[in-house]
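Q: got a predicted model here, sequence first, then my questions.
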Amino acid sequence: MAAVSPASAGGGRWEVVRRGRRPAGRPRDPPTAPGAPIATTETLFELGFERAPRRAAREAAAEPQQQQQQQQQQQQRRQQSGKGARKAAGDGGSRPGRFRSLEEALRALNVADLQKELDKSQSMFPENPSVWVKDLAGCLNYKLQAPKSDPTLSQHAHDYPYCLVSKELKNAIRSLLGKSSGVLELFFDHCIYTMLQELDKTPGESLHGYRICIQAVLLERPKIATTNLGKYLELLRSHQNRPAKCLTILWALGQAGFTDLAEGLRVWLGVMLPVLGIKALSPYAVSYLDRLLTVHPNLTKGFGMIGPKDFFPLLDFAFMPNNSLSPSLQEQLRRLYPRLKVLALGARPETTLHTYFPSFLSRATPSCPPAMRKELLTSMSQCLSVDPLSFSVWRQLYTKHLSQSSLLLNHLLESWDSGSRKARQALQETVRSFKVTNEELVAKGPGSQQDVAACDTACKLLLQKLKGRGFPWSRLLLVLLVFAAGFLIHDIRTHGSLQASASAHALRSSGLLPAWQHAWHKAAHFSLEGYRWLERTLPACCSRAAALLQPTLQPLWAKAAELAVHVSKQCSTYLSWAGERLPWLLEWLQSRLPDAVLHVAECMRELLLFLLRSCLLPLLEHVAAALQRGWKSCVDACNGEALWDCVREHLSSFTYSSWIYLHNTTVALKNWALAMISGH
């Protein structure tokens, strides 16, 4: 039976399409079960294959049934599109055999033939990009039949097998994905579901082509993997008895993390952390996290991804014994814990640590493992010393966590040494409030008396430590030096000279001044003798050294001059090259840097200009005016002539008045100190 197509009606001709023929180059449809309805491609349906006018009424009556049948056919077509592409790849000859390795299969792949197949698909289905990308995946997987690998490719690099793909093939894949950007999310789902179907078959095909397509998609659009993580988590649960399928799903989703750290953390927290307790999946989950943090050593891009809800299950898995992780996996996770903690606290831990304090405190029980207790106490001490809001949180939780607070108070008693005066003051206030609370708890009657007594003892010892922090010897020495210098200056000014001062008289009577004068005369004598010896011998030594070294130094000097000339020429060349490249570099930076950075730089420039114009220049003008007024006053005081004797007299007067002011201030401070000492 033939169907009449109006596709060429614009040219005035009708075309007869016979069912027994297919256009040249079109891939054969996959074989279907007997009696199964033939799936109609959406694009061909949209191109205008319609029923004859005489059957229009019958079709209108059967329209609801046809719509349901079309939906079933579309679902079958999605499941079989990969198979149809493989059939298309095999039209030119027999099915290729398995290669010994994937590298050999990629070397044998003819990119030009693959591009022809893709061009055929695009010409036959111009309005259906989902068919293009499915044909790409099916054809690529068909041509790359190599020995199967484990589902997670754990023996290879993180970007395997995409790292083996040639540049020409990568360009072809990128070009097609760029044309099909609107269906990439559906294409990603198609690759995963097709891989799961192949795993059900015996022996089944290798999945290298689908893996390459998944990596190519997520390299350009990593957010596709995290769009609907809940769906994949349900898919994992539905296949929880098939570890190979679960690991395949985890591998596919995890490829997003090697492009973007934030997306990788979303994948890990969304689908890998929930399955961390499953024995068959836990090794890959931990190793993926290790590889993810190794690939991205700069953790700043992952700040804000891990919160308290995700962080504390990780802490429990890392430190709690007898959990579902093996000792080796627990040790590996414990090595990753410091970096996970940095990611959790973020860029400003001083504003987030108080939100972690309650969970730290509730876990720090006397029965928790020693390693975990040490980590919890250290973390709570960090919370208190960095984030002041942690003290108020602790005060609210104190009565419900007496045993944990006792451990924390004893830990602070042993290790607290905060240089922050504000933190030390906050700790003192908190411990004093705990003492009042302890007295109220004792007055209420029995109930946790042992914990209250332990907390009260720790509070008393900690208050004693905070009050008596040792004698401040350095401050005392500084005060004594200041007072000694002030007393000596005052003594000299009172008696007119150092020789007539009481300090010199006390030094002479004690014998210290003669000994010091004798030592000074000896040092001056030997210094003078050494200077005279150098004056006699140094010229002769210099002339002899010049005579000996001149034949050697002259060539070196000439070479140094040549080297300097050469370096100057090279520098001038590089400077000219840099001057030519500077505009291009500025344009490149402007195109690459985010607008926010440029906006911040512009704001900094405006701020500096504002400070220069409104602060620095007026200050310099005021200083210049003050100096000018001072000089004019000095000249006026000298009867209009700036004589040196007059200027010196005014400078001496100014210095003397300054000294008198300093002297009066020192005397006032001394009197105040004596009054304070006598008063106490």
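A: All right, it came through fine. These numbers were taken from a predicted model, which means no experiment stands behind them.

Q: what about the helices in the stretch 201-350 of the chain?
A: Secondary structure of the stretch 201-350 of the chain, counting by DSSP state H, counting those that start in this stretch: helices at 208-220, 229-238, 243-254, 261-267, 282-295, 308-319, 327-345.

Q: what does the longest one rub up against?
A: In other words, helix 327-345. 265, 282-283, 286-287, 289-290, 293, 299, 302-303, 305-308, 310-311, 314-315, 317-319, 323, 325, 352-353, 356, 379 (CB atoms under 8 Å, 6 or more residues apart in numbering). Every residue, glycine included, has its C-beta placed from N, CA and C.

Q: ok, and the closest non-adjacent residue to the residue nearest the centre of the chain?
A: By CA atoms, centre = their mean, the chain has its centre lying nearest to residue 300, at 1.5 Å. Leaving aside its chain neighbours, residue 300 sits nearest to residue 347 (6.9 Å; criterion: CB to CB, 6 or more residues apart in numbering).

Q: wait, doesn't that neighbour sit right on residue 299?
A: No: counting by CB atoms under 8 Å, residue 347 does not reach residue 299; the two are 9.9 Å apart.

Q: the more surrounded of these two?
A: residue 299 (17 against 11; other CB atoms under 10 Å).

Q: could you find the closest non-adjacent residue to residue 245?
A: residue 239 (4.3 Å).

Q: surely residue 415 meets residue 381?
A: Yes: Residue 415 is within contact range of residue 381, at 6.4 Å (criterion: CB under 8 Å).

Q: ok, these two, which is more surrounded?
A: Between residue 415 and residue 381, counted using other CB under 10 Å, the more crowded position is residue 381 (18 against 10).

Q: now do that one against residue 403, distance only.
A: As judged by CB to CB, to the nearest Å, residue 381 and residue 403 stand 17 Å apart.

Q: so which elements touch the helix or strand containing residue 515?
A: Using DSSP states H and E, residue 515 sits in helix 512-592. Using 3 or more CB pairs under 8 Å, 6 or more residues apart in numbering; DSSP states H and E, the elements in contact with helix 512-592 are helix 502-510.

Q: I'd guessed residue 212 sits against residue 139; true?
A: No: in this structure, residue 212 is not within contact of residue 139 by CB under 8 Å, at 11.6 Å.

Q: which stretches of this protein form strands?
A: 2-5, 15-18 (DSSP state E).

Q: same question for the first one, mean pLDDT?
A: When you say that, I think you mean strand 2-5. On average, the pLDDT along strand 2-5 is 40.

Q: go on, the last one?
A: Predicted confidence along strand 15-18 averages 42 (mean pLDDT).

Q: for the remainder of this discussion, apply numbering that starts at 19.
A: Sure, I'll start numbering at 19, so the last one becomes strand 33-36.

Q: who's in contact with residue 136?
A: 150, 153-154, 157, 190, 194.

Q: would you turn those residues into TSV with distance to residue 447?
A: Shown next, in TSV, are the contacts of residue 136 (distance: CB to CB, whole Å):
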residue	distance to residue 447
150	70
153	72
154	68
157	73
190	69
194	67
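
Q: among the residues you listed, which are in helices?
A: 150, 153-154, 157, 190, 194 (DSSP state H).
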